[in-house]
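Q: Just the structure for this:
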Amino acid sequence: MNKTELKNNINKYVESKNFKSIIYTLGVLFILFFVFQAGVVVGFKKASFHRDWGDNYEKNFGSRRGMPKFIKDNFSETPNAHGAIGKIIKVDFPNIIVLDKDQTEKSIIIDNNTNIIEMSDKVNKESLIVDKFIVVIGSPNTSGQIEAKLIRIIPSPEEMTGGNISVINTNNK
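A: Numbers count the residues shown, from 1 in each chain. All right, here's what the predicted structure looks like:
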């Protein structure tokens, strides 16, 4: 067989219905594999986060006051892993510790991408000092800490209410 005959045979095969259906089938299988693999990666990441969060719960958020979670009927006491609102009790950059409204200490991590706002002004991290009240929004990491995306410095509860009402819950149930 010479080169032109071989070339003609290859061209006939490439243009055949069998070749097109094989390529189509391989394409569909590739797409299905990619979608399946994306689901596995996302599921693994979610499962890993939940495992790590549970493993570090008491270290980062305090104990459950001696009662297992499934016995408690007040689900509002479950801490928010994506933020905090409360008073700064320790500053050791890039970490700060906040006494949250449910009286648990939350570890907050600050980086160069964290926006810190007081009133309507953007301020630097040196404005975060002990006894300031803040609201933190961020993402939990595998150590149960919150990686802050936004920190808003707010007036203390006494300043906001004239000293009559406290927004920080001090009742220990």
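
Q: How many neighbouring residues does residue 155 have?
A: 12 (other Cβ atoms under 10 Å). Any C-beta I mention is one placed from the backbone N, CA and C, and that applies to glycine too.

Q: mind checking pLDDT for the residue nearest to it when sequence neighbours are not counted?
A: Leaving aside its sequence neighbours, residue 155 sits nearest to residue 133 (Cβ to Cβ, 6 or more residues apart in numbering; 6.8 Å). The model reports residue 133 with a pLDDT of 93.

Q: Residue 26 now?
A: On the pLDDT scale, residue 26 gets 96.

Q: And residue 71, by the same measure?
A: 42.

Q: for residue 119, same thing?
A: In this prediction residue 119 is given a pLDDT of 87.

Q: Check which residues of stretch 141-161 are buried.
A: Neighbour-count burial for stretch 141-161 flags 141, 144, 145, 146, 147, 148, 151, 153, 154, 157 (criterion: 16 or more other Cβ atoms under 10 Å).

Q: Out of these, name the ones that lie in strands.
A: 146, 147, 148, 151, 153, 154 (DSSP state E).

Q: export those to TSV and tack on pLDDT and distance to residue 14?
A: What follows is those, written out as TSV (pLDDT from 0 to 100; distance: Cβ to Cβ, whole Å):
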residue	pLDDT	distance to residue 14
146	88	57
147	92	53
148	93	57
151	94	61
153	93	68
154	90	69
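
Q: among those residues, which two are most distant?
A: 147 and 154 (20.3 Å; Cβ to Cβ).

Q: count of neighbours near the residue nearest to residue 155?
A: Quick note: residue 133 (other Cβ under 10 Å) scores 21 neighbours.

Q: Check the one 3 residues further on too.
A: As a burial measure, residue 136 scores 25 neighbours (other Cβ under 10 Å).

Q: how about the helices in this protein?
A: 3-14, 17-55, 57-61, 157-161 (DSSP state H).

Q: List the contacts of the closest residue to residue 154 other than its chain neighbours.
A: Of all residues not flanking residue 154 in the chain, residue 133 sits nearest, at 5.1 Å (Cβ to Cβ, 6+ apart). Contacts for residue 133 (Cβ atoms under 8 Å, 6 or more residues apart in numbering) come out as 85, 86, 87, 88, 153, 154, 155, 156, 157.
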